[in-house]
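K.L.:
show me the folded form of this:
(one chain, ligands or ions: 2)
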Amino acid sequence: MTLIVGVRYLLASGGFALATRIRHPGLYRGLDGQMRREIAWSLASAAIYGVPAGIVAWGWQNRGWTRIYTDAAAFPLWYLPFSLLLYLFAHDTWFYWTHRWMHRPGPFRIAHAVHHASRPPTAWAAMSFHPWEALTGAVVIPALVFAIPIHVAVLALVLTIMTVMGVTNHMGWEIFPRFIHGGPLGRWLITASHHQRHHAEYRCNYGLYFRFWDRLCGTDKGLGRFDLAPGGGGRGAAGAAGGDGPAGIA
Ligand SMILES: [Zn+2]
Ligand SMILES: [Zn+2]
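P.N.:
Ligands and ions are numbered 1, 2, ... in the order given. Here you go, the predicted model:
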């Protein structure tokens, strides 16, 4: 399972890093050393993510553990999209609160500083976590499959969304069309422009997929601008994310 997670990371981050080279050549110029560190931390995280995932996958196959099901008719059809949203919301909730906690001085120094050493992050930073932080992330989905029924295909979709958003949110530019991050959907969904601001300012925008908790708790500062990234002189070529309606940056 560690091998699968590692290869998945290399393919996803490598693919989007390649897209970055084509779309915004030079965006990662001067970041070679940082990217090597991001890859090393990410592969260590992949090893950690693989352990609970491997145990649970084994238990599901051999011992009938978990509430993963394969017969799509076992629950009403509406449950398929509902379970997808439920998993994303549960993961987002766990991430928001553990992430906020890791911004307290002690946990930050011990666990979260590694992730913020990426200034600015690149597509390779998706899993660039200290092992302590990787551990907090690695247990979420393996724990949820014991509590909330999910079709195996929906679970695959959850993992795909997790991987793609993890990479694209750190990529340094917006891959989604403007109507998504600049429109009504973007007021609730997190894409690169939102997470970029977390990496630039630290004490805001803690969420993973949704802006729900940030908005509710007053930690949402709106979208960031890529040309304001630390050390990012000239990165305006990546395209500024712009404002965010009434809640936007001035
Ligand atoms: Zn990040
Ligand atoms: Zn953080």
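
K.L.:
what is the helix or strand of the chain with the lowest mean pLDDT packed up against?
P.N.:
Each helix and strand of the chain was given a mean pLDDT (mean pLDDT, DSSP states H and E); the minimum falls on helix 178-181 at a mean of 88. Under the contact criterion of 3 or more CB pairs under 8 Å, 6 or more residues apart in numbering; DSSP states H and E, helix 178-181 touches helix 192-201. For the C-beta atoms, the positions are set from N, CA and C on the backbone; glycine is no exception.

K.L.:
which residues outside the least confident helix or strand of the chain are in contact with it?
P.N.:
If you take CB atoms under 8 Å, 6 or more residues apart in numbering as the criterion, helix 178-181 is touched by E174, L185, G186, L189, T191, A192, S193, H194, L223, A241.

K.L.:
show the pLDDT at the third one.
P.N.:
Reading off the confidence values, G186 has pLDDT 90.

K.L.:
quick one: the strands in the chain?
P.N.:
Secondary structure of the chain (DSSP state E): strands at 68-69, 150-151.

K.L.:
list the strands paired with the first one, with their directions.
P.N.:
For strand 68-69, the pairing partners within the sheet under DSSP bridges are strand 150-151 (parallel).

K.L.:
and the longest helix seen in the chain, what other elements does it pack with?
P.N.:
Ordering each helix of the chain by length in residues (DSSP state H) puts helix 32-63 first. Other elements packing on helix 32-63 under the criterion 3+ CB pairs under 8 Å, 6+ apart are helix 2-23, helix 131-138, helix 140-147.

K.L.:
and those, which is most packed in?
P.N.:
Most buried of the helices and strands packed on helix 32-63, by mean neighbour count (mean count of other CB atoms under 10 Å): helix 131-138, with a mean of 19.

K.L.:
having no further points to raise, I will conclude here.
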